[in-house]
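Asks: Dropping a prediction and its sequence here:
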Amino acid sequence: MTTRKQPVAASELISARTAARLAAVQALYQMDMAGTDLNDVIEEFLAERITQKPGAAADDGTEEDATAAAAAQGADRQFFADILHGVLRRQREIDPLIDDQLATGWRLVRVDSILRAVLRAGVCELLERADVPVRVVINEYINVAHFFFSEDEPRVVNGVLDKIARKIRAKDFEPKGGSV
């Protein structure tokens, strides 16, 4: 007799930091689209989204929104707030870095709002979190992009973050150890 396992909730499949990154992207999107204040959005997410009971995720009715909202439940609360504060504090530095890596004729303001939030959060983490390896940051934001997109956007995240990382954290790409 075989027993059937219960489906695993999205929030149980990802780490607290991944959930924080996902929640930060959602919050940045909300701030961009609705003009929500930084402190208000942090308070809302900490009170209503990150601490929700399983199955109570707020969403727009699509399966992707429900999955993303559920995944944010187990987020590292401080890491989430740090990303948001960092993006707002350094946005005048972050946006030109992204603009310089986009295809000719494309500006960050023309990019999808969610993709813009993913890129901003990723660049912020590259700038501010030297304790997180470059490859981890890039892979994490590619995975975050997969929560929202199934087309080319995760590849755009990979390309843009990789190019920016090679500029601002070049030493992380140098070979370790001595010569052979």
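Replies: Sure, I can see it.
Asks: quick one, phi/psi of the nearest residue to residue 81 once chain neighbours are set aside?
Replies: Residue nearest to residue 81 in three dimensions, not counting chain neighbours: residue 42, with 5.4 Å by C-beta to C-beta, 6 or more residues apart in numbering. The C-beta positions use only the backbone N, C-alpha and C, and glycine is treated the same way. Main-chain torsions, residue 42, degrees, to the nearest 10: phi -60, psi -50.
Asks: Return the set of buried residues in stretch 89-107.
Replies: Buried residues in stretch 89-107, counting neighbours by 16 or more other C-beta atoms under 10 Å, are found at 90, 94, 95, 97, 98, 101, 102.
Asks: List the residues that contact residue 137.
Replies: 122, 125, 126, 129, 161, 165 (C-beta atoms under 8 Å, 6 or more residues apart in numbering).
Asks: Most neighbours of all these, which one?
Replies: residue 122 (29 neighbours; other C-beta atoms under 10 Å).
Asks: For that one, which non-adjacent residue is closest in space?
Replies: Using C-beta to C-beta, 6+ apart, the closest residue to residue 122 is residue 141 (3.9 Å).
Asks: ok, now how distant is the one you found from residue 25?
Replies: Look at residue 141 and residue 25: by C-beta to C-beta, to the nearest Å, they are 8 Å apart.
Asks: Any chance you could list what contacts the lengthiest helix in the chain?
Replies: Ranked by number of residues, the top helix in the chain under DSSP state H is helix 77-101. By C-beta under 8 Å, 6+ apart, the residues outside helix 77-101 that reach it are 16-17, 20-21, 23-24, 27-28, 38, 41-42, 45-46, 50, 107-108, 119-121, 123-125, 127-128, 159-160, 163-164, 167-168.
Asks: again, only this time at 6 Å
Replies: If you take C-beta atoms under 6 Å, 6 or more residues apart in numbering as the criterion, helix 77-101 is touched by 17, 20, 23-24, 27, 38, 42, 46, 107-108, 119-121, 123-124, 128, 160, 163-164.
Asks: now, which of these lie within strands?
Replies: Among those, DSSP state E puts none in strands.
Asks: among those residues, which ones are buried?
Replies: For these, a burial check counting by 16+ other C-beta under 10 Å picks out 17, 20, 23-24, 27, 38, 42, 46, 108, 119-121, 123-124, 128, 160, 164.
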